[in-house]
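Student: Structure, please.
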Amino acid sequence: MRLLINIIRYYTACAATWGSWTTCTLEGTRIRTRQCSTEIESQPGDCFIDCFAWSTWTACDTSPIVADQRQTRVRQCANGAETAEQACHSSTTVGTTSDGWYRAGNGYEYIFMANLKDHVGAIEFCNALDERSILASVGVRDGTLVSETTTSALGIPANVWRYHVGATDIFEEDTWVFEDGVVLRTSQIDWGTSGSNVQQPNGGTNQGCMNFFSPASVATIPGASDTACSDETPFMCERVAL
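Tutor: Okay, the predicted model is just below:
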């Protein structure tokens, strides 16, 4: 009984509210603190991140492309660093491809679809377009790329203010799983603001899928937004360029 009393006293001795979690380290850990009467208490925690975002691809020699040349990228995961590689593209020119996709500077191609789909429908549509195609993921996490892939080159109308992209937190609130397998916490994502000056995300467990506020619209500040997975909106597909 005395042991139980001591345990209860220990966990109720400080009534102060815990502060915000720190940014996750590359080892996938974080801490938060609170000020108690005589000392500052700290609490460690896991980030539930399998892998951080990929780095950008290494540069290719484009004058001309060297035969069999390859480029690489890396990401830090819970079990160590992962490396991916691919052949350098025969053409690295940014612009529209022959089949209507927009080739961005990161080695991926994008296409905007104006037809309305819910989140699952958008995933299925992108997957059916091409064996390399997924609902846009890499381009959503790269601030520089976001600007590039939301230009008029993609043909996004000014009246389209949001569209589906490939991430959801339906499995665990505030842990966003992207279509390419990357997992990020809410604090690691650049969120947008709606025209009524509402900072995203703001839907809690009722809005478990990700939209993106379009820079083509004057109604929003560009960035990610949470939305109900059943909402039917336009969407953007993404594929690795060849």
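
Student: where exactly do the helices run in this structure?
Tutor: Ranges of helices within the chain are 2-12, 119-129, 138-141, 143-149, based on DSSP state H.

Student: Can you give the contact residues for stretch 199-208?
Tutor: Stretch 199-208 is touched from outside by 168-170, 173, 186, 191-194, 213, 223-229, with contacts defined as C-beta atoms under 8 Å, 6 or more residues apart in numbering. C-beta coordinates here come from the backbone N, C-alpha and C atoms, glycine included.

Student: go again using 7 Å as the cut-off
Tutor: Around stretch 199-208, the neighbours that count as contacts under C-beta atoms under 7 Å, 6 or more residues apart in numbering are 168-170, 173, 186, 191-193, 223-229.

Student: Buried residues, it. List them.
Tutor: Residues of stretch 199-208 classed as buried by neighbour count (16 or more other C-beta atoms under 10 Å): 200-201, 207-208.

Student: Quick check: buried residues in the longest strand anywhere in the chain?
Tutor: In the chain, with assignment by DSSP state E, the single longest strand is strand 108-117. By 16+ other C-beta under 10 Å, the buried positions in strand 108-117 come out as 108-113, 117.

Student: Determine the angle, from 0 to 180 degrees, between that strand and helix 119-129.
Tutor: Strand 108-117 and helix 119-129 are oriented at 130 degrees to each other (axes from the mean of the first three to the mean of the last three C-alpha atoms, to 10 degrees).

Student: packing partners for strand 108-117?
Tutor: Counting contacts by 3 or more C-beta pairs under 7 Å, 6 or more residues apart in numbering; DSSP states H and E, the secondary-structure elements packed against strand 108-117 are strand 102-103, helix 138-141, strand 233-240.

Student: Nearest to Ile31, out of the ones you listed?
Tutor: Put simply, out of the helices and strands packed on strand 108-117 the one that sits nearest Ile31 is helix 138-141, at 24.3 Å, with distance taken as C-beta to C-beta.

Student: OK, contacts around the residue lying closest to Phe171 once chain neighbours are set aside?
Tutor: Here the nearest residue to Phe171 in space, its sequence neighbours aside, is Val177; by C-beta to C-beta, 6 or more residues apart in numbering that works out to 6.3 Å. Shown in contact with Val177 (C-beta under 7 Å, 6+ apart): 167-168, 171, 183.
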